[in-house]
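Chemist: The following block contains a protein sequence and its predicted model.
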Amino acid sequence: MELDLSKYLGLFVSESREHLDALSRNLVDLEKSDPPGVPAIVDDMFRHAHSVKGMAGTMQFDGIALVAHRAEDVIGALRGRSGPVEADVVDVLLAATDALQAMVQSTAGGGPPGAPDEALVARLARVASALKPAAGAAPHPAPEAPPAAEPAAAVPPPPAAPARLAVEVEVAAACPVPSVRGYLVLKRLEALGKVVSAAPGQEDLRAGRIPDRRLTATVETALEPDAIERALAQIADLSQVAVRPAEARPAAPAPPAPPRAEPAADPNRTVRVRAELLDDFLDVVGELLLATARLRAVGRAIPEAQRRPHDEGVDRLHGIVKDLHGKVMAARMTPLTLLSDRLPRAARDLARRSGKQVDVAVSGAEIEIDRSLVEDIADPVLHVLRNAVDHGLENPAERISSGKSATGHVEVSARRERDRLVLEIADDGRGMDPERLRQAAVERGAISREAAAALSDAEALELSCLPGVSTARVLTDVSGRGVGMDAVKKAVEALGGSLAIDSRRGRGTRISMRLPLTVAVQPLLLVRVGSEILGLPVAKVHGAAEVEVERLERSGGAPLLGFAGGHVPVHDLGRLIGLPPARTSGRRSIVVTEAEGGRVGLAVDQLLGQEEAVLKPLHRPLSLVPGLSAVTVLGSGRPVFVLDVPRLVAA
């Protein structure tokens, strides 16, 4: 009976990704580290590469195991070096990390990992061979089980005769699949010698049985106990490893240990949950919230005398569902490190290609936001970072001539302001030129020359977010600010956020993104237009007023509302969404909200109040309608569309 490895594929993919992400971070840190800190980083790198190799070997992914083994050889050759690590060595290890990431990703859907890149494998072997003399020609000391696709590695010369050793291991309480770790231990011991006995045996481990998370074995081997311990200690999730001569085992069995309460006592114990399951869970809790609101609405029709027990029950149910919703949202929250850990590597690769030097500092990465938001803002943040390195930072010669250090600095910072996340990316480069932006916008036909001249410098910086407006002197595959910044702004605003730009010539640029912490539940301002009820994101609303529209000042035929020391154009919301003409006389409510070119006023028939809404995404064909961003359901069961005002006004 063979162990069914397919059920461990998800665990292999997630753990491999974690190790490879950590290895990539280590490599970027390695280049910047002072010599005293290099050994610790190299040891950490070796552990990650070794773990990937071991897991791939167990899953019988020989190609992944081979590339990881060759990368491990290079890292092992770095041990003992006192000087800095050459950039070419880091380059080849990063290339191996990328190749491993791609191969692991190929297995995620159940397919094969693909054949390893022979040129990369040969290059890794050459680099490892070249490094060994500089490392003292001593291989890394830990014996190990070689991947299945490779011949067995050489081990230390055996003593006169093999000895029997007693092995005891304990799997950590946080390990989600302790039987798999036990199986790995047995496979490792088989590679290091002959396993005479084991409890539990392979059949029990295949069936998922490993009492008390402990495994004991007797192995006949030519290796010393400390060598066996080092080899087993490199298997992940083992909390204890003990090896001693079998003769030293007490004749009588030790009394059983009292029952342990480790899982209950460990507050940091975690369980891996598929992201799709959390999404489904959130949908179900959202439906419960809607059902509770529906019950409350139905209760209004109950006679007053019988309504109190009903309302008390609904209130209690609503409190339980809200608490459940909060716990689901907490489970979906993830630290920004999921995004920020990629940034130093991205900046390093681009700087190498463009001949620049860059140092990326990240702060506030421990802040947690909704996992879906991390995925949605990843591309905009990477785009802004690449613009900062490619177009914002000068080359070393320019920086030195202007009195700066040769290395450019990019700071990525995050902080919470109430229920919003403020994410900023700042560089100390050449800054943006408002006059050149005005010229580029005029040449592109985005605005007239007169309108451009009337803009302040701060307003001119916003021109970089218009399609096709760029101040880049040289076009590259990354391009300059303005090319793609319109997509960045739209992506941020689609999440209910806002984008701000601050720049000083010769001193650098700061891009600020204000984002919600979650997009699953948002407060909406409900408004009525004719017989329709519509929702506006409260985060975008600046205020409201009740006026007689026909008495407002006009410019070019459009009414203007005085607001916050200025004037905002007023649009009839019913006309924007294609409803029959509304009444034009009498007092109407005006909601001041954000649009593409600034603030606008929306004339509506009635303000219905604010409501916490569970938002549902739109699907085709509704997703193609300009001005609609999501839909929700009121307690009455009535669906309500949530408006995307910038797209609605621009359509």
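Modeler: Happy to help now that I have it.
Chemist: Identify, among the helices and strands of this protein, the element with the weakest mean pLDDT.
Modeler: Counting by mean pLDDT, DSSP states H and E, the chain has its least confident helix or strand at helix 262-265, which shows a mean of 44.
Chemist: Without its sequence neighbours, what residue ends up closest to Gly609?
Modeler: Leaving aside its chain neighbours, Gly609 sits nearest to Leu526 (6.0 Å; criterion: CB to CB, 6 or more residues apart in numbering). (Glycine included, C-beta is placed from N, CA and C.)
Chemist: count of neighbours near that neighbour?
Modeler: Using other CB atoms under 10 Å, Leu526 is surrounded by 19 other residues.
Chemist: can you list contacts of the helix or strand hosting it?
Modeler: Taking DSSP states H and E as the definition, Leu526 sits inside strand 521-529. Taking contacts as CB atoms under 8 Å, 6 or more residues apart in numbering, the residues outside strand 521-529 that touch it are 286, 325, 329, 496, 516, 533-539, 541, 573-574, 577, 579, 582, 589, 591, 602, 604-615, 632, 640, 642.
Chemist: In PyMOL, how would I select the buried members of those residues?
Modeler: A single PyMOL command is used to select the members of these judged buried by 16 or more other CB atoms under 10 Å:
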select buried, resi 286+325+329+496+516+533+534+535+536+537+538+539+541+573+574+577+582+589+591+602+604+605+607+608+611+613+614+615+632+640+642
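Chemist: In strands, which of the contacts of strand 521-529 fall?
Modeler: Using DSSP state E, 516, 533-537, 541, 589, 591, 602, 604, 606-614, 632, 640, 642 are the members of the contacts of strand 521-529 that sit in strands.
Chemist: Quick check, Val360 in contact with Leu343.
Modeler: Yes: counting by CB atoms under 8 Å, Val360 does reach Leu343; the two are 5.6 Å apart.
Chemist: Give the residues shared as contacts by those two.
Modeler: 385, 412.
Chemist: Who is the nearest residue to Ala351 once chain neighbours are set aside paired with across the strands?
Modeler: In space, and not counting its chain neighbours, Ala351 is closest to Val358: 4.3 Å by CB to CB, 6+ apart. Here Val358 sits in beta bridges with Gly408, as judged by DSSP bridges.
Chemist: who touches Val358 in this structure?
Modeler: So Val358 contacts 347-348, 350-351, 389, 393, 407-410 (CB under 8 Å, 6+ apart).
Chemist: redo that, cut-off 7 Å
Modeler: Val358 sits next to 347, 351, 389, 393, 407-408, 410 when contact means CB atoms under 7 Å, 6 or more residues apart in numbering.
Chemist: Same list, those, but as a markdown table with distance to Arg371 and pLDDT please.
Modeler: Output for the contacts of Val358, formatted as a markdown table (distance: CB to CB, whole Å; pLDDT from 0 to 100):
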| residue | distance to Arg371 | pLDDT |
| --- | --- | --- |
| Ala347 | 24 | 90 |
| Ala351 | 30 | 90 |
| Val389 | 27 | 91 |
| Leu393 | 31 | 92 |
| Thr407 | 34 | 92 |
| Gly408 | 32 | 92 |
| Val410 | 25 | 94 |
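Chemist: most neighbours, which of the residues you listed?
Modeler: Neighbour counts for the contacts of Val358, by other CB under 10 Å, peak at Leu393, which reaches 28 neighbours.
Chemist: got a list of what the residue nearest to the spatial centre of the chain touches?
Modeler: With distances taken as CA atoms, centre = their mean, the residue of the chain nearest its centroid is Leu338 (3.5 Å). By CB under 7 Å, 6+ apart, Leu338 lies in contact with Val374.
Chemist: Only alpha carbons, please: show the helix or strand it falls within as CSV.
Modeler: Secondary structure from DSSP H and E places Leu338 in helix 337-340. Taking Å, rounded to 0.1, in the frame of the first residue of the first chain, the C-alpha atoms of helix 337-340 are listed here in CSV:
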residue,chain,number,x,y,z
THR,A,337,3.9,41.5,4.8
LEU,A,338,2.2,39.4,2.2
LEU,A,339,2.7,42.3,-0.1
SER,A,340,5.6,44.3,1.3
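Chemist: average pLDDT across that helix?
Modeler: Helix 337-340 carries an average pLDDT of 86.
Chemist: can you give me phi and psi for Phe61?
Modeler: Here is the backbone geometry of Phe61 (degrees, to the nearest 10): phi -90, psi 80.
Chemist: likewise Lys404?
Modeler: Lys404 adopts backbone torsions of phi -100, psi 170, taken as degrees, to the nearest 10.
Chemist: Against Gln357, how distant is it?
Modeler: Distance of Lys404 to Gln357, given as CB to CB, to the nearest Å: 11 Å.
Chemist: neighbour count winner among these two?
Modeler: Lys404 (20 against 16).
Chemist: what number of residues lie near the closest residue in space to that one that isn't next to it in sequence?
Modeler: The shortest distance from Lys404 to any non-neighbouring residue, by CB to CB, 6+ apart, is to Asp428 (6.9 Å). Residue neighbour count, defined by other CB under 10 Å, stands at 21 for Asp428.
Chemist: surely Asp428 meets Thr407?
Modeler: No: Asp428 lies out of contact with Thr407 (CB atoms under 7 Å); the separation is 9.8 Å.
Chemist: circling back: mind putting the contacts of Val358 in CSV, secondary structure and distance to Ala125 included?
Modeler: Output for the contacts of Val358, formatted as CSV (DSSP: H, G, I helix; E, B strand; the rest coil; distance: CB to CB, whole Å):
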residue, secondary structure, distance to Ala125
Ala347, helix, 30
Ala351, helix, 28
Val389, helix, 32
Leu393, coil, 36
Thr407, coil, 33
Gly408, strand, 35
Val410, strand, 35
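Chemist: Same list (these) but as JSON lines, adding distance to Ile501.
Modeler: Formatted as JSON lines, the contacts of Val358 follow (distance: CB to CB, whole Å):
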{"residue": "Ala347", "distance to Ile501": "20"}
{"residue": "Ala351", "distance to Ile501": "23"}
{"residue": "Val389", "distance to Ile501": "17"}
{"residue": "Leu393", "distance to Ile501": "17"}
{"residue": "Thr407", "distance to Ile501": "24"}
{"residue": "Gly408", "distance to Ile501": "19"}
{"residue": "Val410", "distance to Ile501": "15"}
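Chemist: And Ile369, how close does it get to Thr632?
Modeler: 21 Å.
Chemist: What of Lys356?
Modeler: Applying CB to CB to Lys356 and Thr632 gives a distance of 47 Å.
Chemist: Which strand or helix spans Lys322?
Modeler: Following DSSP H and E, the helix or strand that holds Lys322 is helix 304-332.
Chemist: can you give me the helices in the stretch 51-200 of the chain?
Modeler: Remark: helices assigned in the stretch 51-200 of the chain by DSSP state H, counting those that start in this stretch are 62-78, 87-108, 118-134, 178-192.
Chemist: Deepest-packed of the ones you listed, please.
Modeler: Among the helices of the stretch 51-200 of the chain, helix 62-78 has the highest mean neighbour count (mean count of other CB atoms under 10 Å), at a mean of 25.
Chemist: Now do the same for that helix: mean pLDDT, whole number.
Modeler: Mean predicted lDDT for helix 62-78 stands at 89.
Chemist: and it, what other elements does it pack with?
Modeler: Where contact means 3 or more CB pairs under 7 Å, 6 or more residues apart in numbering; DSSP states H and E, helix 62-78 is packed against helix 38-58, helix 87-108, helix 118-134.
Chemist: Gln202 is nearest to which of the ones you listed?
Modeler: For Gln202, the closest of those is helix 38-58, at 12.9 Å, according to CB to CB.
Chemist: So which bits of the closest one are buried?
Modeler: Under 16+ other CB under 10 Å, the buried positions of helix 38-58 are 38, 41-42, 44-58.
Chemist: export it as PDB, just CAs?
Modeler: Taking Å, rounded to 0.1, in the frame of the first residue of the first chain, the C-alpha atoms of helix 38-58 are listed here in PDB:
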ATOM      1  CA  VAL A  38      26.000  37.000   6.700                       C
ATOM      2  CA  PRO A  39      26.400  33.500   8.400                       C
ATOM      3  CA  ALA A  40      23.000  33.700  10.100                       C
ATOM      4  CA  ILE A  41      21.300  34.700   6.800                       C
ATOM      5  CA  VAL A  42      23.100  31.900   4.900                       C
ATOM      6  CA  ASP A  43      22.000  29.300   7.600                       C
ATOM      7  CA  ASP A  44      18.400  30.500   7.200                       C
ATOM      8  CA  MET A  45      18.700  30.200   3.400                       C
ATOM      9  CA  PHE A  46      20.100  26.700   3.700                       C
ATOM     10  CA  ARG A  47      17.200  25.700   5.900                       C
ATOM     11  CA  HIS A  48      14.600  27.000   3.400                       C
ATOM     12  CA  ALA A  49      16.200  25.400   0.400                       C
ATOM     13  CA  HIS A  50      16.700  22.100   2.200                       C
ATOM     14  CA  SER A  51      13.000  22.100   3.300                       C
ATOM     15  CA  VAL A  52      11.800  22.600  -0.300                       C
ATOM     16  CA  LYS A  53      14.100  19.800  -1.500                       C
ATOM     17  CA  GLY A  54      12.900  17.400   1.200                       C
ATOM     18  CA  MET A  55       9.200  18.100   0.600                       C
ATOM     19  CA  ALA A  56       9.600  17.800  -3.100                       C
ATOM     20  CA  GLY A  57      11.500  14.500  -2.700                       C
ATOM     21  CA  THR A  58       8.700  13.100  -0.600                       C
END
